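K.L.:
Need coordinates for the following:
(2 chains)
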Amino acid sequence: MNNTITLIIDGEEIQAPQDATVQQVLESINKAAPIICAHEATTSEGICRQCVVEVEGWRVLAPACVTKVSTGMVIFTNSERVNRSRRTILEMLNASVDLSEAPELQAQMDEFGADRERFPHAKTREQDVKDDNPFFVRDYEKCLLCWRCVQACGDDIQYTYSISVGGRGFDSKISTFFDSPMPETTCVFCGNCVAVCPTNALKSKTEHFMELGLDYDEIRQEKRAEKKKMGKA
Amino acid sequence: MALSPYFACKMGGRPSEARGRGAERLNRKKVVVRRKFTMIKSQKSVRSTCPYCGVGCQIDLQIKDEKIFRVDAPFGVAPNFGRLCTKGRFGTDYVHHPSRLKNPLIRKDIGTKPRKAIGMDGFREATWDEALDLAAEKIAEIVQKNGGDAMGTFCSAKATNEDNYIFQKFVRGVIGTNNVDHCARLCHAASVAGLQIAIGSSAMSNSIAEMKDLDVFIVVGSNTSETHPVISTFLREAVVKNGAKLIVVDPREIEMTQFATSWLRQKPGTDVVVFQAMAQVIIEEKLYDEAFIRERVEGFDNYAASIQESTPEWAEEISGTPADEIRAAARLYAKAEKAAIYWGMGISQSVHGTDNALSLANLALLSGNLGKEGTGLNPLRGQNNVQGCSDSGGLPAVFPGYQSVTDPEIKAKFELDWGVPLNPEAGLTTMEMVDAAEKGAITGYYVMGENPMMSEPDLRHARHVMEELDFVLVQDIFMNETGEYADIILPASSFAEKDGTFTNSDRRVQLIREAVPAPGNARDDWKIISDLAQRVEKKLGREKSAGFVFDSPSAIWDEMARLTPEFQGITHARIVKEDGVHWPCPTPDHPGTPFLFADTFPSGKGKLTPLNYRPSQELPDDEYPLLLSTGRVLYHWHGGTMTRRSKLDDIYPDPTVEVHPKDARPLNIHAGNWIKVRSRRGEIRVKVLITKRSRPGMVFIPMHFAEAAANELTLDARDPQAKIPDYKVAAVILEKA
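P.N.:
Next comes the predicted model:
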C-alpha cells in the first residue's frame, strides 16, 4: 500500500495512513495523548499544547493533534520532557483559572503529578459570573481560553459567529462584539458552546440555579422576577 | 472521579488532605472559597429524541431528583452529531411545568349547548374510571345513534408511532370510521399531494447526513435557520466548508440568504412562476438530463410545449424576481453534479400548494437530480413525529405504511389481523371534518395532542363549529385552547415520561425512553387509548375485541410492523443497537434506506406535470392594503403549548408583527408600539418590530401566541387537491391600538 507509512512510537514500529495526524495514530494504538483544547466536534488548532509528544531530532515538542505523521518519525509519548511540559501547563492553568469543575483536568493533574500550588502568587482570572440571558451563564474565571466555544459558534457547528476572543495577553477573554450582552448579539442560544466547554465556564442556567440550592419551582420564580426586572411582567 | 486534594479543599475539605509540597504552600496561600454549592451530578442519563421539530435530534436527558436539569447531545450519533438548537437544548423544561394536567377533568356543565370555552375552574377532577367510563358512554352513544362516521378524530404528530397506531386502530376498528387525521394536513399535505402525482411517494428523499456533500441546493419557503436550526447548520457547513452553492427562494430576507450564492426574492404566492421559468431555461438551453428523462420520466414533450411561454421575463413581471437571476439559478441547478431541493411551509401552505410542489418536482425530474445519493426532493417536516404519525396510519385514506383503506385486499388483511369488520370508505380530512361538523354530520370530536383551536385557519369559524358539538374528548399534557372546549380532558404523559418511537424527517425511526415519572395521575397515551377502546367495545356490546392488550410500546410496534411491509425489518431492539433505522426496511438484515428512488419511483416513471399560474385568493386592496404572511420564529413552537411554558418564552414573550420602515412611517408607528392588525376575519393586538426583512407592503406575524393568534386573520381558502389552507397570503390593515 502506497498510502501507508512506517514510524516508531515509543520504540514500537507502527503502520499508519499517510495523511493522519499523530493523535489519530496514537488513538488507533490506544495511546491517545491527553487533551484540553481538542474536541471531536471542533477543529484542532494546537492551542493548549497539552497533547505534545517528543519527536527525535525536532527542536520543539510537537502537538499531536495537528502534527502530521511522516516516514521514519521517532516519537516518544512518555518522555521526561513531555511529561514535564504537560505538568507545567496544568500547573500554570491551575494557578490562574478555576478548574474545580473540570473533572478531566483534575484527573490529568493527578496523572502527571501536578503541583496545584506551584505558583501561589499568580494573578487569577477571578471575576463575576455573567448572567445576561435566560439560557446559560458565563463564569469566565473558569475559562482557560481553549477556543472550543468560539469554534462551535463559528465554523465548526453553528456558523453564527457571535463570540470571539477579545483583549490581549493575560487579559484575553472570550467576548462578544463590544462585550454586549448575549441577547444583543447574533447569538441564537443553541448552547452548542455550552456543550463543548471543558471546564463548566459555560453552564445551563437551570443547572446553575440548582447548584445555588434553588429547586425547580423556585427557578420559575426566579424567571418571573427576572421578567419583571426586564419590564415584562 | 477521585476527588483531588485541591478540589476537596475548595469544596470545604481539609487542607491537610492535600499532598506533598503543595500542602505546605496551601497553608501560606489565602484560599478563596468562592463556591458555596457543589457541582450537580447527573443521577442518570437517558438517551431520547428531541420533542420539537422533524430533525429528530438525539439527546441525552440528564436527570437529578426526577427533573431534567440539562440536555446533552451525543456527538457520534446521527442525525444531529451532537448539535442542538435552543429549543432542544434549553426548551424541555415545559415537562416540569406546574400547569401540567395531573388528573382527568370533567366539565362541570357537561351537556349544555352551546358549549363555551372555559378555564380550569370550569372543570372538576375525576378518577380515571369515572372519566373513561363517561367518555366511553358518550362515544358509544354517538356511534349507536349516528354511526361511526359521526365521530371526527385527531391523532397527534407529537405522540409516538405506537400511540398513533393504537389511536387509529381504535378509530377504525372500534368506532368504525376512517375519520382520522392530524396536523400534517395543515402543513405538508400539498407536498404529499404533489409528490404523489410526480413520483408516487411523499417522504424526504435524502437523509440529513447527505447534506454536507451537496454541490448545489435550493432552499425555498423554509426559514431553515429558525424552523429546522440543526439542518441549517449542515447546509451552512456545505456552503462554508465544501463550497456548495445555495439558492434561496424566499420573499423574506431570512438568515440563510447570508449564505446564498443567489437569492431569488419572489412576491409571496408566485413561487410557481419562478420555478416554471427555471424549467423553461433548462429546456431552452438544453440543460436537462436526456438519459434520465428517457429512462425514468414521462410527459416530457407535453410539458416542454406547455412552458414555452414561461420565460424568465414573464416571471419577472409577475414575481418581481430579475430574469437574469432566474437564468443564473436555473443553470447552476441544472449543471450541478449533486443538487437537492429543500422546502418548508412557504411551498405547501398555499392555495396552489400542490402546484408549488409539482413545480419543484418538475425541476428535479428535468435535471435528473433525483435517485442518486445527495440529490432529491426534501419537504422538511415540522413536527417531531409528523412523518411517523402519517406512517402509522394517522390519515383518513390509508392504514399504516400508506396502504389504502379502499383497497379490498389490504382491508381484508387488517380485518383478519384485528378480527373486526372495517369501514371501506376513506374518511374526512381535518378541514372536511370541520365542515361536516358544521353541517351536523359529525357530532363528536376526539382530539389527542393537537390544538386545532389554534392551528386551524379562520379561527372564529372553527370556534363556532366547536360550540355546537355533542361531545368533545381531549387528551393532552396541558390545558390549551382546544381543551377549553372539552367535555372530558385526559392527562397524558410527555415525551420524557414514556417509551416509544418517533420517525424524523428523513424517515429514521428513533427511540424515546422514560426518563422521569409522569406528574400526578397522567398516563401514557397508548395506555389511555387501549383502556378507552376496551370500555367502548364493552358499551357497544362487541363480542370480539380488535385487540388492545399490550405490555409495552415495543409489542405495539411489532404488531404494526407485522402489517406493514416497509417496517418489517425494524424492532425496538434493533433501534437500541443501531440508534435509528431508516425505513423502508423490509427484513431484519436490510440496512435501511437513507435515500430513496435509486432504481425506480414508486409510481414507475416520474411524471412531468404542466402547470398554470393562479394568483392568490386574497390580495391587498385599498381597504386592506398590506399583505400578511404568517410563520414561525426560532424561540417558539407552533401553537406555543410547549415553548410558552418554558424559558424560551423569556426571550420572546410577546406577539409581534414585522413591519417595513416604509410602511411604518406614514402610520407613525414605532418599534415596541402595540398596534391592531385587522383582516376581513378578525383582529389581533401585537407589538411592532421594525425590520427590512420583508419588502414594503408585506407584514409578517408569527403564529405562536394564543393571545394574538395569527389565524384570527388568515382566510379559509384551500388548495383544491391537498385541501391545505393558505396561511401565507392574506390582506390586512394596521391600526394604532
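K.L.:
what about the helices in chain A?
P.N.:
A:22-28, A:80-96, A:103-111, A:148-153, A:192-196, A:205-211, A:216-229 (DSSP state H).
K.L.:
right, so of those helices, which gets closest to residue B:579?
P.N.:
With C-beta to C-beta as the measure, helix A:192-196 is the member of the helices of chain A nearest residue B:579 (18.2 Å). For glycine as for every other residue, the C-beta is placed from the backbone atoms N, C-alpha and C.
K.L.:
Secondary structure element holding residue B:170?
P.N.:
Counting by DSSP states H and E, the element that carries residue B:170 is helix B:161-170.
K.L.:
who's in contact with that helix?
P.N.:
B:153, B:155-156, B:159, B:180, B:182, B:385, B:388-389, B:391-394, B:399-400, B:418, B:448, B:500-503, B:509, B:524-526, B:529-530, B:532-533, B:536, B:546-548, B:550, B:553, B:556-557, B:559-560 (C-beta atoms under 8 Å, 6 or more residues apart in numbering or on different chains).
K.L.:
So for residue A:130, which of the helices of chain A sits nearest?
P.N.:
helix A:205-211 (11.2 Å).
K.L.:
How far does that closest one sit from its chain's centre?
P.N.:
Remark: helix A:205-211 is offset 22 Å from the chain centroid, using C-alpha atoms, centre = their mean, to the nearest Å.
K.L.:
and if you look at stretch A:107-117?
P.N.:
17 Å.
K.L.:
That one spans what distance, first to last residue?
P.N.:
Using C-alpha to C-alpha, to the nearest Å, the end-to-end distance of stretch A:107-117 comes to 16 Å.
K.L.:
Flag every buried residue along that stretch.
P.N.:
A:108-110, A:112, A:114-117 (16 or more other C-beta atoms under 10 Å in any protein chain shown).
K.L.:
now, the most widely separated pair of those residues?
P.N.:
A:108 and A:117 (16.6 Å).
K.L.:
Pull the number of nearby residues for the residue of the stretch 301-450 of chain B found nearest chain A.
P.N.:
Here the residue of the stretch 301-450 of chain B nearest chain A is residue B:342; by C-beta to the nearest C-beta that distance is 16.4 Å. Neighbourhood size, residue B:342 [other C-beta atoms under 10 Å in any protein chain shown]: 29.
K.L.:
And the one 10 residues further on, by the same measure?
P.N.:
The burial metric for residue B:352, expressed as a neighbour count using other C-beta under 10 Å, is 27.
K.L.:
And residue B:444, its phi and psi?
P.N.:
Backbone dihedrals for residue B:444, given as degrees, to the nearest 10, come out at phi -140, psi 140.
K.L.:
ok, now how distant is it from residue B:420?
P.N.:
20 Å (C-beta to C-beta, to the nearest Å).
K.L.:
neighbour-wise, which of those two wins?
P.N.:
residue B:444 (22 against 19).
K.L.:
Any regions of the chain where pLDDT drops low?
P.N.:
I went with chain A, as the question did not name one. Counting by pLDDT under 70, the ranges of chain A that qualify are A:1-2, A:221-233.
K.L.:
think we crossed wires, I meant chain B
P.N.:
B:1-37.
K.L.:
The closest residue to residue B:467 other than its chain neighbours: how many residues sit nearby?
P.N.:
Sequence neighbours aside, residue B:114 is the residue nearest to residue B:467 in space, at 3.8 Å (criterion: C-beta to C-beta, 6 or more residues apart in numbering or on different chains). Here the count is done by other C-beta under 10 Å, and residue B:114 has 9 residues near it.
K.L.:
Helix or strand for residue B:114, just tell me which one.
P.N.:
Counting by DSSP H and E, residue B:114 is part of no helix or strand.
K.L.:
correct me, but it touches residue B:468?
P.N.:
Yes. Residue B:114 lies in contact with residue B:468 (C-beta atoms under 8 Å); the separation is 5.9 Å.
K.L.:
which residue sits closest to residue 206, ignoring its sequence neighbours?
P.N.:
With no chain named, the answer covers chain A. Nearest one to residue A:206, counting by C-beta to C-beta, 6+ apart, is residue B:69 at 5.3 Å.
K.L.:
Wait, chain B was what I had in mind.
P.N.:
residue B:376 (4.4 Å).
K.L.:
Thought residue B:368 was touching that neighbour, still the case?
P.N.:
No. Residue B:376 lies out of contact with residue B:368 (C-beta under 8 Å); the separation is 11.2 Å.
K.L.:
Compare these two (neighbour count), which wins?
P.N.:
residue B:376 (25 against 20).
K.L.:
What values do phi and psi take at the residue nearest to residue B:467?
P.N.:
Residue torsions, per degrees, to the nearest 10, at residue B:114 are phi -70, psi 140.
K.L.:
same check, this time on residue B:152
P.N.:
Per degrees, to the nearest 10, the backbone of residue B:152 is at phi -110, psi 130.
K.L.:
Just give me the neighbour total for it.
P.N.:
Neighbours of residue B:152 (other C-beta under 10 Å): 29.
K.L.:
Run through the bridge partners of it.
P.N.:
residue B:445 (DSSP bridges).
K.L.:
Residue B:49 now?
P.N.:
residue B:58.
K.L.:
mind listing what it touches?
P.N.:
So residue B:49 contacts B:56-59, B:384, B:495, B:502, B:504, B:510-512 (C-beta under 8 Å, 6+ apart).
K.L.:
Please apply the same query to residue B:584.
P.N.:
Residue B:584 sits next to B:507, B:566, B:592-593 when contact means C-beta under 8 Å, 6+ apart.
K.L.:
secondary structure element for residue B:273?
P.N.:
Applying DSSP H and E, one finds residue B:273 within helix B:271-284.
K.L.:
Mind giving me the packing neighbours of that helix?
P.N.:
Packing contacts for helix B:271-284, counted by 3 or more C-beta pairs under 8 Å, 6 or more residues apart in numbering or on different chains; DSSP states H and E, involve helix B:312-319, helix B:323-335, helix B:353-367.
K.L.:
Put the alpha carbons of the longest one into PDB.
P.N.:
In other words, helix B:353-367. What follows is helix B:353-367, C-alpha atoms only, in PDB (Å, rounded to 0.1, in the frame of the first residue of the first chain):
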ATOM      1  CA  GLY B 353     -49.500  24.300  -2.700                       C
ATOM      2  CA  THR B 354     -49.800  21.200  -4.800                       C
ATOM      3  CA  ASP B 355     -48.700  23.200  -7.900                       C
ATOM      4  CA  ASN B 356     -45.800  24.600  -6.000                       C
ATOM      5  CA  ALA B 357     -44.600  21.100  -5.000                       C
ATOM      6  CA  LEU B 358     -45.200  19.900  -8.600                       C
ATOM      7  CA  SER B 359     -43.100  22.700 -10.000                       C
ATOM      8  CA  LEU B 360     -40.200  21.600  -7.800                       C
ATOM      9  CA  ALA B 361     -40.700  18.000  -8.700                       C
ATOM     10  CA  ASN B 362     -40.600  19.100 -12.400                       C
ATOM     11  CA  LEU B 363     -37.300  20.800 -11.900                       C
ATOM     12  CA  ALA B 364     -35.700  17.700 -10.200                       C
ATOM     13  CA  LEU B 365     -37.100  15.400 -12.900                       C
ATOM     14  CA  LEU B 366     -35.800  17.500 -15.700                       C
ATOM     15  CA  SER B 367     -32.300  17.900 -14.400                       C
END
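K.L.:
Taking helix B:271-284 as reference, get the angle to it.
P.N.:
20 degrees (axes from the mean of the first three to the mean of the last three C-alpha atoms, to 10 degrees).
K.L.:
so what's the residue nearest to residue B:249 when sequence neighbours are not counted up against?
P.N.:
Leaving aside its sequence neighbours, residue B:249 sits nearest to residue B:220 (C-beta to C-beta, 6+ apart; 4.0 Å). Neighbouring residues of residue B:220 by C-beta under 8 Å, 6+ apart: B:248-250, B:271, B:341-344, B:346-347, B:360.
K.L.:
how far away is residue B:220 from residue A:154?
P.N.:
For residue B:220 relative to residue A:154 (C-beta to C-beta), the value is 27 Å.
K.L.:
Quick check: which element contains the residue in the stretch 451-600 of chain B that chain A sits nearest to?
P.N.:
Distances between the stretch 451-600 of chain B and chain A by C-beta to the nearest C-beta are smallest at residue B:516, namely 11.0 Å. Under DSSP H and E, no helix or strand contains residue B:516.
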